[in-house]
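>>> sequence and predicted structure are below.
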Amino acid sequence: SPEGMGGLEGKGERLGASAHAEMLYERYIFDVPKLLDTVAIFLSVDSQLTARLATQVFQSQPRYWDDLADSLPPVRDALDTASLRLASPLAPHDAGGGRSDSAAFLRDIALTVAALVRALPG
């Protein structure tokens, strides 16, 4: 077996679907931030391959759906904070942590969420 695989497959043997799903998750080959970044970066490069990758990861290891759901409250809180900064007349326009940072953060989140929605089937 390849270095670091822990003997999950022997010479000439293929990794079974459940072992593959377990290894994918337990070895942190992907996690929600990596999946989001991968989809956001590569969907415009090869949408079919990126969508297939994202779909297979979520289908083979359903625990990623739970992880995605668990990531939503902190993202919601960060979106609320960024929105408040943008709405505040006291927020600095160009200083670190000001409106430009908040606007860039909101843009990045919007693009990432849109890419994930496009990549995963209905």
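That came through, no problem. Numbers count the residues shown, from 1 in each chain.

>>> which SSE is R14 in?
According to DSSP states H and E, R14 maps onto no helix or strand at all.

>>> how close does it get to H20?
Note on R14: its distance to H20, by C-beta to C-beta, to the nearest Å, is 9 Å. C-betas here are computed from N, CA, C, even on glycine.

>>> between these two, tell me which one has more neighbours.
H20 (17 against 9; other C-beta atoms under 10 Å).

>>> run a quick neighbour tally on the nearest residue in space to D31 that is not next to it in sequence.
Spatial nearest neighbour of D31, excluding adjacent residues (C-beta to C-beta, 6 or more residues apart in numbering): D67 at 6.9 Å. D67 has 16 neighbouring residues, counting by other C-beta under 10 Å.

>>> now swap in L15 and tell me
By other C-beta under 10 Å, neighbour count at L15 equals 15.

>>> and the pLDDT at it?
Note on L15: pLDDT of 75.

>>> for it, phi and psi?
Dihedral pair for L15: phi -70, psi 130, per degrees, to the nearest 10.

>>> got a pLDDT number for the residue nearest to D31?
Confidence score, pLDDT, at D67: 95.

>>> secondary structure element for it?
helix 63-87.

>>> which parts of the following helix or strand past that helix are buried?
Sequence-wise, the next helix or strand downstream of helix 63-87 (DSSP H and E) is helix 99-119. Within helix 99-119, the residues that count as buried by 16 or more other C-beta atoms under 10 Å are R99, D101, S102, F105, L106, I109, T112, A115, L116, A119.

>>> alright, that wraps it up for me.
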